[in-house]
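K.L.:
What would the 3D arrangement of this be:
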Amino acid sequence: MVDEIKSVPPDAGKLASYVERIERLEEERKELGADIREIFAEAKGDGYDVKVMRQILRLRKMTPADRAEAEYLRDEYKKLLGIAE
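P.N.:
All right, here's what the predicted structure looks like:
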């Protein structure tokens, strides 16, 4: 098993640099998450449905083909469950 471990020359400075960069990015991500929550709270205060907004955001990330497939499957499942409009 020891033979499988890749021998890498130790470089404390480089390792510390990687760790610090990751920590900095994690902090930025945390701050961005707080900013996003504030925007959702603001939208909710203006009367928007945050749950629907999150669904719209997911749809906007999809390609048109993926979105069409998801909508088709949703409609088919609704028919199977007897809740189609």
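K.L.:
from here on, contacts and neighbour counts on C-alpha atoms
P.N.:
Noted.
K.L.:
Report the buried residues of the longest helix along the chain.
P.N.:
Identified as the longest helix of the chain according to DSSP state H is helix 12-45. Neighbour-count burial for helix 12-45 flags residue 40 (criterion: 16 or more other C-alpha atoms under 10 Å).
K.L.:
What's the first helix or strand after it?
P.N.:
As assigned by DSSP states H and E, the chain's next helix or strand after helix 12-45 is helix 50-61.
K.L.:
got a list of contacts for that next one?
P.N.:
For helix 50-61, contacts defined as C-alpha atoms under 8 Å, 6 or more residues apart in numbering pick out 40, 43-44, 67.
K.L.:
Between which two of the residues you listed is the distance greatest?
P.N.:
44 and 67 (25.5 Å; C-alpha to C-alpha).
K.L.:
Mind pulling up the pLDDT for residue 85?
P.N.:
Per-residue confidence at residue 85 stands at 70 (pLDDT).
K.L.:
count of neighbours near it?
P.N.:
6 (other C-alpha atoms under 10 Å).
K.L.:
And it, how far from residue 76?
P.N.:
Relative to residue 76, residue 85 is positioned 11 Å away (C-alpha to C-alpha, to the nearest Å).
K.L.:
How about residue 55?
P.N.:
19 Å.
K.L.:
more neighbours, the two?
P.N.:
More crowded of residue 55 and residue 76, by other C-alpha under 10 Å: residue 76, with 13 against 10.
K.L.:
Of all residues in this structure, which one is nearest the centre?
P.N.:
Compute the mean C-alpha point of the chain, and by C-alpha atoms, centre = their mean the closest residue is residue 58, 9.0 Å away.
K.L.:
What does the pLDDT read for it?
P.N.:
Listed pLDDT for residue 58 reads 96.
K.L.:
any idea how far it lies from residue 31?
P.N.:
Using C-alpha to C-alpha, residue 58 is found at 21 Å from residue 31.
K.L.:
Residue 50 too?
P.N.:
For residue 50 relative to residue 31 (C-alpha to C-alpha), the value is 20 Å.
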